[in-house]
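K.L.:
Give the three-dimensional model of this entry:
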Amino acid sequence: MVSSKDVAKYAGVSQTTVSRVLNTPELVKKPTLEKVLKAIEALNYVPDANARSLVQQKTKTIALLSGPLHNPFFVDTTTAIVNYATEKGYKVNVQFVNDENLTEAYATAIGTKVDGIILSCILYDDPIFNRLQEMNIPFITYNRKHRNNEQFVEIDNFEAGYLSAKHVIEQQHTRLSWVGGPLTVSTFKHRYEGFLKACEDHQIELSDAYILQTDTSKKGCEDALAALLELEEKPTAICTGSDSIALNILDHATQIGAAVPDDISIVGIDNVELSQHGRIQLTTIGSISEHNLGLLAIERLIELIENKKNSCINITESVKVFSRSTTKKIKRR
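P.N.:
Here you go, the predicted model:
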């Protein structure tokens, strides 16, 4: 059996440092934290206390690693997760995570005694997936998934991207833009691929200048819109990788006097509650069932924890267009 002493020796640190990484990673300097985590992964080390607490001593606590709150999708899903877990007698430790601080977030989740982990911040090729499987921790991802194609709840992201492009193409738009997020994330990767496929099927030629990947921040979205509006031949429709991106672009367009949908149509993906607001009415793509992905995920995770269902969780919700006020058919002369 690999011990914390072995991890310390491999990483070139003290056992005390290993303990800090497992219990209070936020107090450990990032280079040291990464060195210890690499050693843990290389040696397949499982903390004994954690393993015992997970399989024998229930803590009635769940770790939630959510995306950032500037995205209304995570406001909706975090609320649903916490409310349902509380009804079932579980406490939820919530971390709002950006991709830049994934290492620290994972260390905190693994180093804490919890009954299960629910996360929406996993990368497509993330090594944490195999790590969690090796540790036998009940877990599920939502919105995003790993390339292993297991333990996830999502909408059909490829079809969502496809329908977003198809919707505006059917409204006679031919100058289409895509503004998405990083392709290291399954959600944005598959939505973008669906968008490209729809354009290919409908023989829409895409200019490289129309394809923009952002960090999804408000400023990143504003910069993307500014770049598109500076083009001599501007796109007439913007398909986005999420409602969060679409809402930021819509807000900035309003501020600078660009009329939506008269000057430019905008489509989101996710159908968050805010997109339905009477003053916004964002055209978007969302689940046909309108199920909250966070709620679906926490329901399945608690089933795993309580051994009511041990099969692999693989849920992809079908999607449809919610046509509202931010898209408009072009009148051909």
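K.L.:
can you give me the helices in the stretch 151-300 of the chain?
P.N.:
157-170, 186-201, 218-229, 243-256, 293-305 (DSSP state H, counting those that start in this stretch).
K.L.:
what do you get for the stretch 1-150 of the chain?
P.N.:
Taking DSSP H, counting those that start in this stretch as the test, the helices found in the stretch 1-150 of the chain are 4-11, 15-23, 30-43, 48-55, 72-87, 102-111, 128-134.
K.L.:
and the first one, which residues are buried?
P.N.:
By that I understand helix 4-11. Using 16 or more other C-beta atoms under 10 Å as the test for burial, helix 4-11 gives 4, 7-8, 10-11. The C-beta positions use only the backbone N, C-alpha and C, and glycine is treated the same way.
K.L.:
And it, what does it pack against?
P.N.:
Applying 3 or more C-beta pairs under 8 Å, 6 or more residues apart in numbering; DSSP states H and E, one finds that helix 4-11 contacts helix 15-23, helix 30-43.
K.L.:
domain parsing for this structure?
P.N.:
Domains of the chain are assigned by automatic domain parsing as 4-155+291-317, 157-288.
K.L.:
Serialize the ones you listed to JSON lines and add fields for distance to Lys331.
P.N.:
Listed next are those as JSON lines, based on distance: least, C-beta to C-beta, whole Å:
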{"stretch": "domain 4-155+291-317", "distance to Lys331": "32"}
{"stretch": "domain 157-288", "distance to Lys331": "8"}
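K.L.:
By mean pLDDT, show me the worst of those.
P.N.:
Lowest mean pLDDT within the domains of the chain: domain 4-155+291-317, a mean of 86.
K.L.:
on that earlier part again, nearest to Leu225 among the helices and strands packed on helix 4-11 would be which one?
P.N.:
Counting by C-beta to C-beta, Leu225 lies closest to helix 30-43 out of the helices and strands packed on helix 4-11; the figure is 33.7 Å.
K.L.:
List the contacts of that closest one.
P.N.:
Contact with helix 30-43 is made by 2, 6-7, 10-13, 17-18, 21, 25, 28, 45, 103-104, 106-107, 127, 131, as judged by C-beta atoms under 8 Å, 6 or more residues apart in numbering.
K.L.:
Recalculate using a threshold of 10 Å.
P.N.:
Helix 30-43 is touched from outside by 2-4, 6-13, 17-22, 25-29, 45-47, 101, 103-104, 106-107, 110, 127-128, 130-131, 134-135, with contacts defined as C-beta atoms under 10 Å, 6 or more residues apart in numbering.
K.L.:
And stretch 94-101, by the same measure?
P.N.:
26, 30, 62-71, 74, 78, 81-82, 104-106, 108-109, 118-123, 181-182, 184-185, 215-217.
K.L.:
got the buried residues for it?
P.N.:
Within stretch 94-101, the residues that count as buried by 16+ other C-beta under 10 Å are 95-97, 99.
K.L.:
Comparing the helices and strands packed on helix 4-11, which comes out most buried?
P.N.:
Comparing the helices and strands packed on helix 4-11 by mean neighbour count (mean count of other C-beta atoms under 10 Å), helix 15-23 ranks first with a mean of 19.
K.L.:
Check which helices and strands that helix is in contact with.
P.N.:
On a contact count with 3 or more C-beta pairs under 10 Å, 6 or more residues apart in numbering; DSSP states H and E, helix 15-23 meets helix 4-11, helix 30-43, helix 48-55, helix 102-111.
K.L.:
Show me how far the last one is from its chain's centre.
P.N.:
Going back to what we said before, that points to helix 102-111. 17 Å (C-alpha atoms, centre = their mean, to the nearest Å).
K.L.:
repeat for the first one
P.N.:
Once both centres are worked out by C-alpha atoms, centre = their mean, helix 4-11 turns out to sit 33 Å from its chain's centre.
K.L.:
now it and helix 30-43, what's the angle there?
P.N.:
120 degrees (axes from the mean of the first three to the mean of the last three C-alpha atoms, to 10 degrees).
K.L.:
could I have helix 4-11 exported to PDB, CA atoms only?
P.N.:
Taking C-alpha atoms only, helix 4-11 is exported to PDB below (Å, rounded to 0.1, in the frame of the first residue of the first chain):
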ATOM      1  CA  SER A   4       1.700   9.500   2.600                       C
ATOM      2  CA  LYS A   5       5.400   9.000   3.400                       C
ATOM      3  CA  ASP A   6       5.900   7.500  -0.100                       C
ATOM      4  CA  VAL A   7       4.100  10.500  -1.600                       C
ATOM      5  CA  ALA A   8       6.200  12.900   0.400                       C
ATOM      6  CA  LYS A   9       9.400  11.200  -0.700                       C
ATOM      7  CA  TYR A  10       8.400  11.100  -4.400                       C
ATOM      8  CA  ALA A  11       7.400  14.800  -4.300                       C
END
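K.L.:
Now do that helix: everything it contacts.
P.N.:
Residues outside helix 4-11 that contact it (C-beta under 10 Å, 6+ apart): 2-3, 13-19, 21-22, 32, 34-40, 42-43, 45, 47-48.
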